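[1] Whatever this is, show me its structure:
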Amino acid sequence: MLPWELAINPPRYIMEFDFTWILLGFPIAFTLGWLASRLDLRQLRIENRQAPKAYFKGLNFLLNEQQDQAIDAFIEAVQNDPDTSELHFALGNLFRRRGEYERAVRVHEHLMSRGDLTQPERDRAQHALALDFLKAGLLDRAEAALRKLEGTPFEEEARLALLSIYERSRDWANATEIAVRLGNSSHGSFSARQAHYLCEQASASATAGNTEKALAMLTQAVSMAPGAARPLIDLARLQNQIGQPHDALQTLLKLPEAAPQALPLAAGLLANIAQNSNEQQATLALLKESYAKARSLDVMEAIVKLEEDPSTARQWYAEHLKHETSLVAASKWISGEKLQDEHHHALVQRAMDQAIKPLMRYRCAACGFEATQHFWHCPGCQAWDSYPARRIAEL
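    As a prediction, this is how the structure comes out:
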C-alpha cells in the first residue's frame, strides 16, 4: 500500500490505538524525573556541607594565622574530597611553612603519583616538592627535583634556586653554567656574579700554589666585569704577593675610575704596594684626592702611613675630627699624645680601644650581619656585594 493510501485508509490496529496510555505516561515520567533531580540535589548538598565547609573553615584559620587549626581543617577537607589537587597544594604549603618538611614531601609525592593529574598540575607539584627539599636542607634531592623543571613554566624559578644551591655549596663551575643561562634569559646581566665565581676559583688556585691559573682567572674576571672592584683588588694583591708591585700598582690605579666607592677597601693594600714600588708621593696624592671627595677612616690610615713626617701624619686625625665626630679618630689621636699621667693614659687608651672595636666592623646592608672583615658574599644571607666599603662608625 502506498503512503497516500495509508493516510486515507489507515490500518485497523492504528485506528484502535488508545491514546489514554500516553496521557497516563506523562505524569509518571515527570514524577520520576522530579525524584531523580531531588536525589541529585540532596547528594550535592551533602558534598557541599563536607568539603567546602572544611575548606573555608581552614581558610579562615589561615587568615587569622592559626596554622594548627588550618592544617586540621584542610586535612578534613582532603579526606572528604581526596581528588581535589588544590587542597593538597594548600596542605603541603602549610606543612612547609610550619617546618614539617617530611609531611609536606609526602603530600606532594602523593600528588605526583596520581595518574589523573594534568601536566600543569604535575609541574606545579614537582616545583613544590623541590621547595620542600630545599627548605629541609636536602640539597642533593632539591637539585635533582629542580633539574626536572627545565622546559616548564617554573624553569626560571628553578634556575635561581639551583644557583643558590651551587653558591652555598661553593660549586662555582655549575654556578657559572646556571648564571650563563639566566643571563641569556630576561633576568639581566650576571657578569658581576660570574666575576665573583672566577675570583673564588682564583683564590683556591692561588692557595694550591697555581698562581698562573689564578692570574689568568683574575684577568678574565677584570675583563668580564670592568666596573667591579673585587677582580682589581684581588689581582693587585696576588701580583704584589708574587713580587710584581709595579703591575699591582697599575692595576689598583684603575680602581678610582672603575669603582671609586670601593677605594677604602684597597687603601691599605695601595699604601703597601706604593712603598714596595717607591711610588709613595703619587699614591699619596691619589689618596688625598679620594679623601677630599669622601672622608674615609681607611683612606685616612693609608695617608698617615705614607706621610713622611710623623707630626704631619698625626694631624690627619685632628683634621678628620673637624669634619666628623669619630671616636675612632679620637682614639688614634690620643694614642700618639704624651700625657703627664702615663698610667691613667694607658687605662684610658685601653678603654677607648675596646670601645672602638665594634665600630670598626662591617655590616651587611641586606641582613645586618656584622663581621670584622669585609665579605663580598655575606655569610648570613648569601647576598653578593651587600657589604658597604665603609665601617660601622662611618655609616
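
[2] Check what pLDDT the nearest residue to L215 once chain neighbours are set aside gets.
    Of all residues not flanking L215 in the chain, L238 sits nearest, at 6.4 Å (CB to CB, 6 or more residues apart in numbering). Placement of C-beta: from N, CA and C, glycine included. The pLDDT attached to L238 in the predicted structure is 97.

[3] Look at L238 and say how many residues are nearby.
    For L238, the number of neighbouring residues by other CB atoms under 10 Å comes to 22.

[4] same check, this time on the one 10 residues further on
    Per other CB under 10 Å, the neighbour tally for A248 reads 25.

[5] For R114, see how far away it is.
    Applying CB to CB, to the nearest Å, the value for A248 to R114 is 63 Å.

[6] what's the answer for Q126, then?
    Between Q126 and R114 the distance is 13 Å, computed by CB to CB.

[7] which of those two has more neighbours?
    When Q126 and R114 are compared on other CB under 10 Å, the one with more neighbours turns out to be Q126, at 20 against 14.

[8] which residues touch that one?
    For Q126, the contacting residues are M112, A145, K148, L149, T152, F154, by CB atoms under 8 Å, 6 or more residues apart in numbering.

[9] ok, and the most crowded of the residues you listed?
    Within these, neighbour counts (other CB under 10 Å) peak at A145, which reaches 22 neighbours.

[10] now that residue, nearest residue through space, not along the chain?
    The shortest distance from A145 to any non-neighbouring residue, by CB to CB, 6+ apart, is to A130 (3.6 Å).

[11] hey, where'd the strands end up in the stretch 251-395 of the chain?
    362-363, 370-371 (DSSP state E, counting those that start in this stretch).

[12] Residues contacting the last one, please?
    Spelled out, that is strand 370-371. When contacts are taken as CB under 8 Å, 6+ apart, the neighbours of strand 370-371 outside the stretch itself are P358, R361, Y362, R363, C364, P379, Y387, I392.

[13] from memory the second one sits against P388, does it?
    No. R361 is not in contact with P388 according to CB atoms under 8 Å; the separation is 11.5 Å.

[14] neighbour count winner among those two?
    The residue with more neighbours, out of R361 and P388, is P388; 18 against 15, by other CB under 10 Å.

[15] I figured the more buried one was touching A366, is that so?
    No. Between P388 and A366 there is no contact under CB under 8 Å: 10.9 Å.

[16] how close does D385 sit to Y101?
    D385 sits 31 Å away from Y101, taking CB to CB as the criterion.

[17] picking up where we left off before, ok, and the residue nearest to L215, which helix or strand is that part of?
    For L238, the enclosing helix or strand under DSSP states H and E is helix 229-241.

[18] And that helix, what does it pack against?
    On a contact count with 3 or more CB pairs under 8 Å, 6 or more residues apart in numbering; DSSP states H and E, helix 229-241 meets helix 191-207, helix 211-224, helix 245-252, helix 255-258, helix 263-276.

[19] How far away from the center of its chain is the third one?
    Using CA atoms, centre = their mean, to the nearest Å, the distance from the centre of helix 245-252 to the centre of the chain it belongs to is 35 Å.
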